[in-house]
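A.B. asks: my questions are about this predicted structure, shown below with the sequence.
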Amino acid sequence: MMTGRDSGDAVDGGLVRHIPVLVQPVLQYLSPRDGEIYIDGTFGAGGYSRAILAAADCKVIGIDRDPTAIAGGADLVARSAGRLTLVEDRFSELDAVARAQGHDGVDGIVLDIGVSSMQFDQAERGFSFRFDAPLDMRMGGDGPSAADLIANATARDLSFIIATLGEERFARPIARAIVKARAEEPIRTTRELVAIIERVVRAKPGAIHPATRTFQALRIFINEELTELALALSAAERILKPGGRLVVVSFHSLEDRIVKTFLADHSRVVAGSRHAPVMQGPVPTFTALTKKPVIADDAETAGNPRARSAKLRAAQRNDAPARGSDISELLPRLPSVDEAMRGDK
């Protein structure tokens with residue numbers, strides 16, 4: 001899932017509403033081959049899965065936690081002649097999903113982090129402040145909604161969440177305004193929340209909408225997107241075969257930082273020198289394929305402005321045993337969803 005997949009291109013005889021960002025670099029680093037198994041961990045509208053299936057006579061396991069995405073992929077499954085399997089699940093469970101499908105190892109994994117433009121365009125999902133809709137923001141149908149968080153979290157927790165995940169410098173006054181407003185009346189819709197934010201943050205010509213960063217923060221927090229990403233990277237280490245490739249496209253600085261840190265840590269070779277003995281350290285489990293993140297070119301960003309923030313990183317699995325990692329080291333320090341929901345009103 002991601003934030004820039006609008007298109008009317010025809011692929012395999014079907015109309016595609018969304019295409020993935022950086023599709024050619026994704027295919028270049030994933031390098032699909034006949035007879036191999038790939039995981040599209042964030043199926044969305046199926047853009048990457050289509051491209052992989054078109055590139056080689058291979059099989060793809062598509063995973064998405066959004067049941068509407070799985071239902072929307074039924075036609076592609078029917079036309080794939082058994083080469084595409086869709087599973088409704090979180091991509092943090094991608095290794096378990098692969099094993100449940102009878103595969104102890106896969107040859108490649110692509111992850112496209114964030115929310116899809118398809119989800120943004122569904123007003124009833126509450127992801128976008130462009131529409132007046134219930135304040136939901138859940139990618140799946142489980143767990144508390146953004147309205148639940150707004151109703152229960154303390155001003156301190158709200159401020160921390162909005163500042164950290166939205167990088168919003170007015171997080172504290174926004175949080176205080178939310179707590180004050182909810183004491184008078186429940187905040188249930190996107191328009192109600194936008195009105196509160198607009199009273200705190202003035203709109204400036206040419207700048208992003210005042211609610212952009214707050215909505216982003218609430219969405220990331222409610223869906224535990226950063227935790228899911230960190231868990232998915234560890235799952236990829238466990239299920240990739242030696243020589244298998246991992247390709248990750250992210251759109252947020254915190255997401256890219258997690259991917260960069262994980263790949264750097266798991267591909268680092270500890271070397272000695274003539275002045276110091278060789279230091280013992282973890283055996284690398286990956287070899288980085290991208291020294292710097294790959295970004296969209298001018299042609300792609302001209303056709304899809306949302307691609308401007310996309311960053312691609314890729315690595316190849318070595319034959320060393322998976323060593324795992326403490327994902328807490330990859331994540332910003334925030335209250336859990338359960339902790340935030342227990343806050344005083």
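C.D. replies: Cool, got the structure.

A.B. asks: what is the strand or helix carrying Gly244 packed up against?
C.D. replies: Taking DSSP states H and E as the definition, one finds Gly244 inside strand 240-250. The contact analysis (3 or more Cβ pairs under 8 Å, 6 or more residues apart in numbering; DSSP states H and E) places strand 240-250 against helix 23-30, strand 106-112, helix 225-239, helix 253-267, strand 311-317. Glycine gets a C-beta too; all of them are placed from N, C-alpha and C.

A.B. asks: list the contacts of that strand.
C.D. replies: Strand 240-250 is contacted from outside by 2, 20-22, 26, 29-31, 105-114, 229, 233, 236, 256, 259, 286, 289, 310-319, using Cβ atoms under 8 Å, 6 or more residues apart in numbering.

A.B. asks: which residue lies nearest the spatial centre of the protein?
C.D. replies: Ile113 (2.0 Å; Cα atoms, centre = their mean).

A.B. asks: ok, now which ones touch that one?
C.D. replies: Ile113 neighbours (Cβ under 8 Å, 6+ apart): Met1, Met2, Thr42, Glu225, Leu229, Val248, Val249, Ser250, Phe251, His252, Glu255.

A.B. asks: wait, isn't the third one in contact with Asp112?
C.D. replies: Yes: contact between Thr42 and Asp112 holds when scored by Cβ atoms under 8 Å: they sit 4.5 Å apart.

A.B. asks: the stretch 1-150 of the chain: strands as residue ranges?
C.D. replies: Ranges of strands in the stretch 1-150 of the chain, per DSSP state E, counting those that start in this stretch, are 10-11, 14-15, 37-40, 59-64, 84-88, 106-112.

A.B. asks: show the pLDDT at Asp6.
C.D. replies: Looking at Asp6, its pLDDT reads 31.

A.B. asks: per-domain residue ranges of this structure.
C.D. replies: When the chain is parsed with automatic domain parsing, its domains come out as 10-115+227-330, 131-222.

A.B. asks: so which of those comes closest to Gly343?
C.D. replies: Nearest to Gly343 among these is domain 131-222 (3.9 Å), distances taken as Cβ to Cβ.
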